[in-house]
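Visitor: Provide a 3D model corresponding to the input given below.
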Amino acid sequence: MLADSKIKMRQIEAFRCFMLSGTVTGAAELLYISQPAVSRLLSELEYRVGFPLFVRTHNKLEATPEAKLFYQDVKRVFVGMNSLTTSADAIARNNQGRLRVGVMPICSNSFMTDVLAEFLTQHPNVAIELEAAPRIQLLDLVRSHQVDTAIVTNIEAGEDEFNFQFLRKHQAVVVLSEGHPLADKASLSPVDLKNERFMTLGYGSPFRTRVEDAFIKQNVKRNIILEAREQSTLFQLVKKGVGIAILDPFILHLGVEGVVVRPFEPVTEWEYYAVQAKGIQMPRVVGAFHSILLDYFER
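Guide: The predicted structure follows:
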């Protein structure tokens, strides 16, 4: 039997309530309708999809394996519906609506709290979703319009599908614990750090790649004792005297008590950008966020 594609939302609601409650009676209570009405909706849905959703055992309906598989997609539908409800509620609050921002972990662990606090002071009724993820994943979120804007490092070849807005340029710094023998030097090079207990981000990190290039060019092999996903982890371990790390200056937002910071030579630079997908009109709420972001960096 061929499945009819005209599945009705009420049938899906009855199916979802049955899967949530496990009984026709429970589904009827959730929907505030009679049990026969629920049974009819479930029977109609089963006919529409073209495969068995239920089996009767001990005078009770039970979901088939096919029904459980189908339910996974049904749950995603209702997640999407909840997202639409959230968006509508935000707009109904008579402000600019909802803002979805993607940031790299170093941003969420440093300046982003200041920026968001200022933004929400000026736009108290805007609903914000903050997503922290690596650069590649953030660009995917922008590309698929799952975030309105993201903050990433650098512009790579083949990224013409995005609009980039320059925010700031940074230089890598060496972070040492207080009292470290190298703290007396004005700056530190790969040769200086040759025998140090070194902590770094994991492979795949663009930041690690840039730092690693400096060591390779000077033919210096590092004594890596630890790798981590986030710079905040490395920073806290430096404070505890576990080892040293080369980090983004943004990490200093966490406080410099217990550490010494020195420039890394040769100069290792990268840039930060706000990025959006090309070809779409920027909502006013995104423009307002960018304005606060730029003011913050200018200060």
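Visitor: Kindly format the C-alpha coordinates of stretch 250-268 as PDB.
Guide: Written as PDB, here are the backbone C-alpha positions of stretch 250-268 (Å, rounded to 0.1, in the frame of the first residue of the first chain):
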ATOM      1  CA  PHE A 250      41.400  37.500  25.600                       C
ATOM      2  CA  ILE A 251      42.000  34.900  28.300                       C
ATOM      3  CA  LEU A 252      43.300  37.600  30.600                       C
ATOM      4  CA  HIS A 253      39.700  38.700  31.200                       C
ATOM      5  CA  LEU A 254      39.700  35.900  33.700                       C
ATOM      6  CA  GLY A 255      42.100  37.800  35.900                       C
ATOM      7  CA  VAL A 256      45.900  37.900  36.000                       C
ATOM      8  CA  GLU A 257      46.400  37.100  39.700                       C
ATOM      9  CA  GLY A 258      49.000  34.400  40.000                       C
ATOM     10  CA  VAL A 259      50.400  34.600  36.500                       C
ATOM     11  CA  VAL A 260      53.000  36.600  34.500                       C
ATOM     12  CA  VAL A 261      52.300  37.500  30.900                       C
ATOM     13  CA  ARG A 262      55.100  38.000  28.300                       C
ATOM     14  CA  PRO A 263      55.000  38.700  24.500                       C
ATOM     15  CA  PHE A 264      55.800  35.700  22.300                       C
ATOM     16  CA  GLU A 265      58.500  36.300  19.700                       C
ATOM     17  CA  PRO A 266      58.300  35.900  16.700                       C
ATOM     18  CA  VAL A 267      55.000  37.900  16.700                       C
ATOM     19  CA  THR A 268      52.200  35.500  16.000                       C
END
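Visitor: Outside of it itself, list whatever touches it.
Guide: Stretch 250-268 has contacts (Cβ atoms under 8 Å, 6 or more residues apart in numbering) with 106-107, 109-111, 170-178, 180, 182-183, 185-189, 210-211, 214, 217, 231-232, 235-236, 238-239, 246, 249. Yep, even glycine has a C-beta here, placed from its N, CA and C like the rest.
Visitor: Buried residues in the helix or strand hosting residue 27, which are they?
Guide: Using DSSP states H and E, residue 27 sits within helix 24-31. Within helix 24-31, the residues that count as buried by 16 or more other Cβ atoms under 10 Å are 24, 27, 28, 30, 31.
Visitor: Packing partners of the helix or strand just after it?
Guide: Using DSSP H and E, the helix or strand that follows helix 24-31 towards the C-terminus is helix 35-49. The helices and strands touching helix 35-49, judged by 3 or more Cβ pairs under 8 Å, 6 or more residues apart in numbering; DSSP states H and E, are helix 9-21, helix 24-31.
Visitor: returning to what we had before: if any of the contacts of stretch 250-268 are buried, give me the ChimeraX selection for them.
Guide: Filtering those down to the buried ones (16+ other Cβ under 10 Å) takes a single ChimeraX command:
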select :106,107,109,110,111,170,172,173,174,175,176,177,180,185,188,189,210,211,214,231,232,235,236,238,239,246,249
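Visitor: how much space is there between residue 76 and residue 16?
Guide: 11 Å (Cβ to Cβ, to the nearest Å).
Visitor: With that, I have no additional questions.
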